[in-house]
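Trainee: Build me a model:
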Amino acid sequence: MRPSAPTDRNRSRLAAWVALLAAALLLPGRAAAPRADAAEPGDLGTDRDAFTPNTHTVAPGTVLWEGSHVYIDNQFGKPTNNYPELLVRVGANDWLEWRFGVNYGVGSQGNIVTSVEVGEGQLLGRSLYESSLLYGLKADLSDQQGWLPESCFIMEASTPTYGDVFGTVPVATGVCGWELPGGCRLDAALRYAYSEARLGWFDRWSPSVVLRVPVTDRLEVHVEYFDTFTKRNVVNTNRAFFSPGMHYLLTKRLEVGVRVGWGVTELAAPFFSDAGFGWRW
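Mentor: Residues are numbered from 1 along each chain as shown. You can find the predicted model right below:
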C-alpha cells in the first residue's frame, strides 16, 4: 500500500524541528568574540524586561532566573492572568545558553504580550486554563561592527501540560541590536511560532522594536512597539501594542521591572500590565 503524502502540518512541524537540530549542530562552529559578559554592569540582560528579547546570552557558570505576573484586559470575555512565566537561563559557554521555563494561564485568548508562547483561545469563548513547559537554547551570532548589528538566535519549544490544545509549539526568534550614543540601545526582533488552535495549526509572526534608555546606573526605561498576527488560522488576527516600561536594580543580582501596554489594532487587548523580576545566581 502506497504511503500517503505528508500533510502541511507535518511538513511545517518537520521544518521547525530540523531548524532546531541544525542550530544545535552548526552553532558550535561559530568563531566570534564572546559576548556573554557584554551586558552593562547596571543591567542583568533579562529577556522578560520587554517583548523584544535582549541580545546577550548568560555568562558561563551563571544562572539567570526570570519571572512575572501578566494581566491582560481582553476586549471580550474574561481577562487573562499568566504566572509565574518562569524562565531559567543557564550559561553553557561564552556564546550559548540553555533555557527552561514553566507557565500557567487563566482565560487565555491568544493575546501574546510576552515571550511565553501559548495556544490560541476563542475570542468570544469560555475561560481557558492552560499550563506549559518551555525548553530551548539561545546563541550569539554576531558582534556590532559599525552598522552591522549585534545579533542572537533563540530556538525554543513549548509543550502544554494542561488545556484544550496539546501540540508542542516550536518557536524561532531572531534578535539584533545597536548600541547608540549615550548608552541607549535600539533592538529589534522577529519571532515565528507554529501554534495550535482548537481547530488546527497556524502560523504566528511577531515583529517588534524597542528603544532602551539608561537613566541612572540602576534605572533603565524603554518604549516599544510590537505586533502579533496569524496566518492560516480559521480567524486570522492582528494585535499590535504600544508599550513603555522600566526596570530597577535593587542589588547587583536582583532586578525588578514593570511594563504596560495599550492595543492599537481592533482585536488587540485595550490594556495589559507585566510586573516581574530577574535574579542572577
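
Trainee: all strands of the protein, in order?
Mentor: Remark: strands assigned in the chain by DSSP state E are 63-73, 80-91, 96-106, 129-142, 150-162, 169-179, 185-197, 200-214, 219-231, 238-249, 254-263, 271-280.

Trainee: Nearest approach to residue 57 belongs to which of those strands?
Mentor: strand 96-106 (4.4 Å; CB to CB). For every residue, glycine as well, the C-beta is placed using N, CA and C.

Trainee: Which residues outside the closest one are in contact with it?
Mentor: Strand 96-106 is contacted by residues 27-28, 36, 57-58, 78, 80-92, 116, 118, 127-140, 154, 156 when judged by CB atoms under 8 Å, 6 or more residues apart in numbering.

Trainee: Quick one: mean pLDDT for it?
Mentor: For strand 96-106, mean pLDDT rounds to 93.

Trainee: How about stretch 54-62?
Mentor: 94.

Trainee: start at 47 instead
Mentor: Right, with 47 as the first residue, what we last looked at is stretch 100-108.

Trainee: buried sites along it?
Mentor: 100, 101, 102, 103, 104, 105, 106, 108 (16 or more other CB atoms under 10 Å).

Trainee: ends of that stretch, how far apart?
Mentor: From its first residue to its last, stretch 100-108 covers 16 Å (CA to CA, to the nearest Å).

Trainee: hmm, back to that, distance to residue 90 and mean neighbour count added to the strands of the chain, as JSON lines?
Mentor: Below are the strands of the chain laid out as JSON lines (distance: least, CB to CB, whole Å; neighbours: other CB atoms under 10 Å):
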{"stretch": "strand 109-119", "distance to residue 90": "6", "mean neighbour count": "20"}
{"stretch": "strand 126-137", "distance to residue 90": "10", "mean neighbour count": "20"}
{"stretch": "strand 142-152", "distance to residue 90": "13", "mean neighbour count": "20"}
{"stretch": "strand 175-188", "distance to residue 90": "15", "mean neighbour count": "19"}
{"stretch": "strand 196-208", "distance to residue 90": "16", "mean neighbour count": "19"}
{"stretch": "strand 215-225", "distance to residue 90": "16", "mean neighbour count": "20"}
{"stretch": "strand 231-243", "distance to residue 90": "14", "mean neighbour count": "20"}
{"stretch": "strand 246-260", "distance to residue 90": "13", "mean neighbour count": "18"}
{"stretch": "strand 265-277", "distance to residue 90": "10", "mean neighbour count": "18"}
{"stretch": "strand 284-295", "distance to residue 90": "7", "mean neighbour count": "19"}
{"stretch": "strand 300-309", "distance to residue 90": "5", "mean neighbour count": "20"}
{"stretch": "strand 317-326", "distance to residue 90": "5", "mean neighbour count": "20"}
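
Trainee: May I see the ones you listed organised as CSV, with distance to residue 92 added?
Mentor: Listed next are the strands of the chain as CSV, based on distance: least, CB to CB, whole Å:
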stretch, distance to residue 92
strand 109-119, 5
strand 126-137, 9
strand 142-152, 12
strand 175-188, 12
strand 196-208, 14
strand 215-225, 13
strand 231-243, 13
strand 246-260, 12
strand 265-277, 11
strand 284-295, 7
strand 300-309, 6
strand 317-326, 4
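
Trainee: Tell me which of these lies nearest to residue 158.
Mentor: In terms of CB to CB, the element of the strands of the chain nearest to residue 158 is strand 265-277, at 4.7 Å.

Trainee: Show me what that closest one is packed up against.
Mentor: strand 246-260, strand 284-295, strand 300-309 (3 or more CB pairs under 8 Å, 6 or more residues apart in numbering; DSSP states H and E).

Trainee: cutoff 6 Å now
Mentor: strand 246-260, strand 284-295 (3 or more CB pairs under 6 Å, 6 or more residues apart in numbering; DSSP states H and E).

Trainee: so which of the ones you listed comes closest to residue 112?
Mentor: strand 284-295 (11.0 Å).

Trainee: tell me the mean pLDDT over that closest one?
Mentor: Mean predicted confidence for strand 284-295 is 96.

Trainee: ok, now stretch 111-126?
Mentor: 90.

Trainee: Pull the distance from that stretch to the chain's centre.
Mentor: Distance, stretch centre to chain centre, for stretch 111-126: 15 Å (CA atoms, centre = their mean, to the nearest Å).
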